[in-house]
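In: sequence-free structure coming up:
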């Protein structure tokens with residue numbers, strides 16, 4: 001690691017620490033949530049600004065969480081939390097400590113190999129965020145063993161979700177996919193499978209394969225969306241449309257598979273309204289999870305060249321913190337937030353340098369929500385999404401939400 005990089009990182013941490021009234025808010029003791037019933041029966045810090053149906057959903061959920069401690073994780077504000085983190089979700093679902101192991105299985109993408117395009121997404125440098133994409137590619141089983149040892153030693157992890165992260169992990173023939181997935185699932189401590197892919201890479205036979213793992217493993221499919229705006233997707237060479245994403249989500253959720261959407265804030269040509277429209281669209285689709293990234297520029301990407309010519313700009317830390325808080329306010333509180341800041345390897349990063357201060361940014365986002373006396377879902381307008389229950393999707397209502405949370409699994413031999 002170069003001395004210049006270390007110097008820049010230290011400078012960056014100083015900039016973040018000094019930006020703030022945001023961080024000062026986080027330094028204060030966590031405020032005790034006022035559970036006094038308010039008009040209409042809501043026990044949330046502020047009555048959610050949503051439809052009548054959504055209001056009833058939130059009110060019922062808050063009351064259920066107070067009455068039943070097992071449901072408290074599902075309504076983060078009941079614990080003084082401001083958003084529904086993936087760690088909260090995992091703690092509520094499993095009696096042991098679960099961590100993800102990120103894998104690189106040697107796949108590619110249709111906008112790289114010439115099938116739909118070449119060059120890949122203009123911002124994409126997998127080696128900048130996927131550790132296993134650096135250096136010689138190891139067999140999947142070896143990556144699992146190494147990741148397991150590291151996470152046990154570093155975090156005390158007990159069980160694991162294997163996460164096929166790099167590139168499009170459904171973009172191959174069925175035999176190859178099954179072989180790679182099964183190799184990762186051989187370890188007895190692996191209890192979950194998460195597949196990162198594109199919405200245009202899930203034909204019916206692939207979804208059928210994924211569905212076959214659902215009864216025995218905690219299953220997620222993570223779709224790279226980035227934006228709902230086709231002009232933006234074209235601008236960054238995604239080579240798919242928002243309609244492709246909608247259709248993939250519909251087909252995946254019809255099988256009862258959890259869906260996570262990846263979104264980038266700050267893409268070229270997008271303003272505040274564009275980004276909030278993406279949040280509201282995801283709410284309507286009933287997405288189960290979201291990964292939020294800020295736009296950063298990595299070396300050896302087409303966007304790096306655009307950045308050097310002044311054609312692409314990145315956000316300041318205060319702007320991103322504000323946008324992330326705005327976005328969280330507009331997605332349902334039931335949606336799990338699996339990431340709030342993009343991860344990148346320091347040597348690969350060009351801009352913004354504050355990207356390296358991940359912990360401080362997470363604190364700042366929580367601090368901003370606290371400053372507003374706000375939380376995830378406060379401004380969720382639709383709140384008429386489908387609730388994914390144990391037995392498929394049903395219209396969102398207090399009764400259906402209660403059913404989806406409390407009805408026990410009936411899968412024999414299930415590890416989830």
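Out: Cool, the structure landed. Owing to the predicted nature of the structure, the values given are computational and were not obtained by experimental measurement. Residues are numbered from 1 along each chain as shown.

In: just the strands in the protein please.
Out: Assigned by DSSP state E, the strands in the chain fall at 98-103, 159-164, 190-197, 218-226, 258-265, 289-294, 297-298, 336-339, 349-351, 386-389, 392-395.

In: least reliable of these going by mean pLDDT?
Out: Among the strands of the chain, strand 386-389 carries the lowest mean pLDDT, at a mean of 42.

In: where in the stretch 51-200 of the chain is pLDDT low?
Out: Across the stretch 51-200 of the chain, the ranges flagged by pLDDT under 70 are 51-80, 126-135.

In: please repeat the previous calculation with a cut-off of 80.
Out: Across the stretch 51-200 of the chain, residues meeting the criterion (pLDDT under 80) sit at 51-80, 126-136.

In: need the helices for it, in chain order.
Out: Using DSSP state H, counting those that start in this stretch, the helices found in the stretch 51-200 of the chain span residues 52-67, 86-93, 140-155, 174-185.

In: how about the strands of the chain, which one is nearest residue 246?
Out: Among those, strand 218-226 comes nearest to residue 246, with 9.6 Å by C-beta to C-beta. The way it works is simple: take the backbone N, C-alpha and C, and place the C-beta from them, glycine included.

In: would you mark the buried spots in the closest one?
Out: For strand 218-226, a neighbour-count test (16 or more other C-beta atoms under 10 Å) marks 218-226 as buried.

In: now do stretch 199-208
Out: Within stretch 199-208, the residues that qualify as buried are 199-202, 206-207, counting by 16+ other C-beta under 10 Å.

In: out of those, the closest to residue 374 would be?
Out: When the buried residues of stretch 199-208 are compared for distance to residue 374 (C-beta to C-beta), residue 199 wins out at 30.7 Å.

In: ramachandran angles for the closest one?
Out: Main-chain torsions, residue 199, degrees, to the nearest 10: phi -70, psi -10.

In: check contacts around the residue nearest to it when sequence neighbours are not counted.
Out: Of all residues not flanking residue 199 in the chain, residue 248 sits nearest, at 3.7 Å (C-beta to C-beta, 6 or more residues apart in numbering). Each residue near residue 248 by C-beta atoms under 8 Å, 6 or more residues apart in numbering is listed here: 199-200, 202, 223.

In: ok, back up a step: a markdown table for the strands of the chain, including distance to residue 138?
Out: Converted to a markdown table, these look like this (distance: least, C-beta to C-beta, whole Å):
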| stretch | distance to residue 138 |
| --- | --- |
| strand 98-103 | 9 |
| strand 159-164 | 14 |
| strand 190-197 | 16 |
| strand 218-226 | 22 |
| strand 258-265 | 25 |
| strand 289-294 | 24 |
| strand 297-298 | 22 |
| strand 336-339 | 24 |
| strand 349-351 | 24 |
| strand 386-389 | 35 |
| strand 392-395 | 38 |
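
In: mind jotting down where the helices sit in the stretch 301-416 of the chain?
Out: Secondary structure of the stretch 301-416 of the chain by DSSP H, counting those that start in this stretch: the helices cover 302-308, 317-329, 358-371, 398-406.

In: got CSV for those, with distance to residue 194 and mean neighbour count too?
Out: Shown next, in CSV, are the helices of the stretch 301-416 of the chain (distance: least, C-beta to C-beta, whole Å; neighbours: other C-beta atoms under 10 Å):
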stretch, distance to residue 194, mean neighbour count
helix 302-308, 26, 17
helix 317-329, 22, 22
helix 358-371, 20, 21
helix 398-406, 21, 17
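
In: so which of these gets nearest residue 257?
Out: Checking the helices of the stretch 301-416 of the chain against residue 257 by C-beta to C-beta gives helix 398-406 as the closest, at 14.8 Å.

In: tell me the mean pLDDT over that closest one?
Out: In this model, helix 398-406 has an average pLDDT of 35.

In: distance of the residue nearest to residue 328 when sequence neighbours are not counted relative to residue 356?
Out: Distances taken as C-beta to C-beta, 6+ apart put residue 376 closest to residue 328, at 4.5 Å, once the chain neighbours are dropped. Using C-beta to C-beta, to the nearest Å, residue 376 is found at 25 Å from residue 356.

In: from residue 333, how far out is residue 88?
Out: With distances taken as C-beta to C-beta, residue 88 is found 11 Å from residue 333.

In: these two: which is more packed in?
Out: Neighbour totals were compared for residue 88 and residue 333, and residue 333 leads with 23 against 18 (other C-beta atoms under 10 Å).

In: just give the closest residue to that one, not the sequence neighbours.
Out: residue 377 (3.4 Å).

In: was I right to think that neighbour contacts residue 329?
Out: Yes: using C-beta atoms under 8 Å, residue 377 is in contact with residue 329, at 7.1 Å.

In: so who does residue 115 touch?
Out: When the contact criterion is C-beta under 8 Å, 6+ apart, residue 115 has no partners at all.

In: now with 10 Å, please.
Out: For residue 115, the contacting residues are 108-109, 171, 200-201, 239, by C-beta atoms under 10 Å, 6 or more residues apart in numbering.

In: now residue 170
Out: Counted by C-beta under 10 Å, 6+ apart, residue 170 has contacts 107, 164, 177, 181, 195-198, 200-203, 206-207, 209-210, 221.

In: need the pLDDT of residue 227.
Out: On pLDDT, residue 227 comes in at 98.

In: distance check, it against residue 159.
Out: Separation of residue 227 from residue 159 (C-beta to C-beta) stands at 34 Å.

In: so between those two, which is more surrounded?
Out: Between residue 227 and residue 159, counted using other C-beta under 10 Å, residue 227 has the larger neighbour count: 24 against 20.
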